[in-house]
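>>> Below are the sequence and a predicted model for it; my questions follow.
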Amino acid sequence: MNDICTKSVNLADESERVAYNRIGYPAYIRRDRLSHYPNYSAVSHWHEDLELITVLSGRMLYNVNGTVFDITEGNGIFVNGRQFHHGYSADRSECEFICIVFHPLLLCVNEYFADRYVRPVMEHGGQPCITLQHAVLWQRQVMDILREICRCAGTKEDLLMIQKLLFDLWIPLYRHFPADGDRPIRPNRQLAAVKQMVSYIQEHYREALSLDQIAAAGNVCKSGCSALFRKYLSRPPVAYLNEYRLSRSLELLLQTDMSILEISYEVGFHHASYFSEIFRKCYHCTPREYVKRHKGMGTGAGS
């Protein structure tokens, strides 16, 4: 069977490991707000999983491989696997939304089914995403299903219902997905370079990294590195590095008894005072205040 549906969910590659709601069932389901994220922006990332967003109130800018979409209330977006993406608000305005992320394994009943109904979408080289508009009937139906998935999460028979609903939303997505045809797809060298640099950061974030090292990982110059990060991730390389370090610190803050000093060193900040300063700028509170607010309540982190 194609590796899309046979690869372990805990992928040992460059992609982000999604924090699924339940061990053993690769799906992340959350109703969230952009204000839960530092500076009203998620960290740009990519993963094998499929992702769908529907905006309940407000609006969200959504960057997919460097193209920015304006997602307003009642609308949404489907993001194919292996695409760089993140949602944010440029003016720090609130947005409430539903986010559903699931691994294609959940759609792969058997090898024939995977080859016939999953691969044509996952491996479509020219369609990284589809915006979902309330005015289009089938797209509105997909967003209605996202709301239903969110409503039934946590109920007694939730996994049975979620599994059924995932197939219900896949039918219109598959049916309306544009045919790829036989035309050759030119590789996106810029995107490949960004993935290499992001992979390098995620592997070495605990170390003292320089712009030269990050650029070398993508085989580009320093100015080219900065330009690519701004295009695809909406932030300069050092800002991405710091935000990634901070995102790694949240789990340590909430799930361990490590001191602030220990955590700052563990995630690559070699001075606790600098870690606290950067943390405050992003989360508008100190690390200790963050722990008091969120311990036992979960965080706004996600895909």
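Ah, there it is.
>>> Only C-alpha atoms from now on, for both contacts and neighbour counts.
OK.
>>> so where's the longest strand in the protein?
The single longest strand within the chain, with elements called by DSSP state E, is strand 50-64.
>>> Show me what it is packed against.
Judged by 3 or more C-alpha pairs under 8 Å, 6 or more residues apart in numbering; DSSP states H and E, the packing partners of strand 50-64 are strand 67-72, strand 76-79, strand 85-88, strand 95-102, helix 137-152, helix 222-233.
>>> got these as TSV, with mean neighbour count and mean pLDDT columns?
Shown next, in TSV, are those (neighbours: other C-alpha atoms under 10 Å; pLDDT from 0 to 100):
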stretch	mean neighbour count	mean pLDDT
strand 67-72	16	96
strand 76-79	23	97
strand 85-88	24	94
strand 95-102	22	97
helix 137-152	18	96
helix 222-233	19	93
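>>> do you know which of the ones you listed lies nearest Tyr265?
helix 222-233 (25.1 Å; C-alpha to C-alpha).
>>> Run the chain-centre distance for the closest one.
Centroid separation for helix 222-233 versus its chain: 19 Å, with C-alpha atoms, centre = their mean, to the nearest Å.
>>> so where is this structure shaky, pLDDT-wise?
Residue ranges of the chain with pLDDT under 70: 1-17, 125, 180-187, 295-303.
>>> Looks like His271 contacts Ile263 (just checking).
No: proximity of His271 to Ile263 does not meet the contact threshold set by C-alpha atoms under 8 Å, at 10.2 Å.
>>> Of these two, give the one with the bigger neighbour count.
Neighbours per residue (other C-alpha atoms under 10 Å) separate His271 from Ile263, with Ile263 holding more: 23 against 14.
>>> who's in contact with the more buried one?
The contact partners of Ile263, taken as C-alpha atoms under 8 Å, 6 or more residues apart in numbering, are Ser249, Leu252, Leu253.
>>> List the buried residues for the longest strand of the chain?
Buried residues in strand 50-64, counted by 16 or more other C-alpha atoms under 10 Å: 50-56, 58-64.
>>> Hey, what's the angle from that strand to strand 95-102? Just curious.
Interaxial angle of strand 50-64 relative to strand 95-102 (axes from the mean of the first three to the mean of the last three C-alpha atoms, to 10 degrees): 130 degrees.
>>> As CSV, the helices and strands packed on strand 50-64 with distance to Ile29 would be great.
Listed next are these as CSV, based on distance: least, C-alpha to C-alpha, whole Å:
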stretch, distance to Ile29
strand 67-72, 19
strand 76-79, 14
strand 85-88, 16
strand 95-102, 5
helix 137-152, 6
helix 222-233, 24
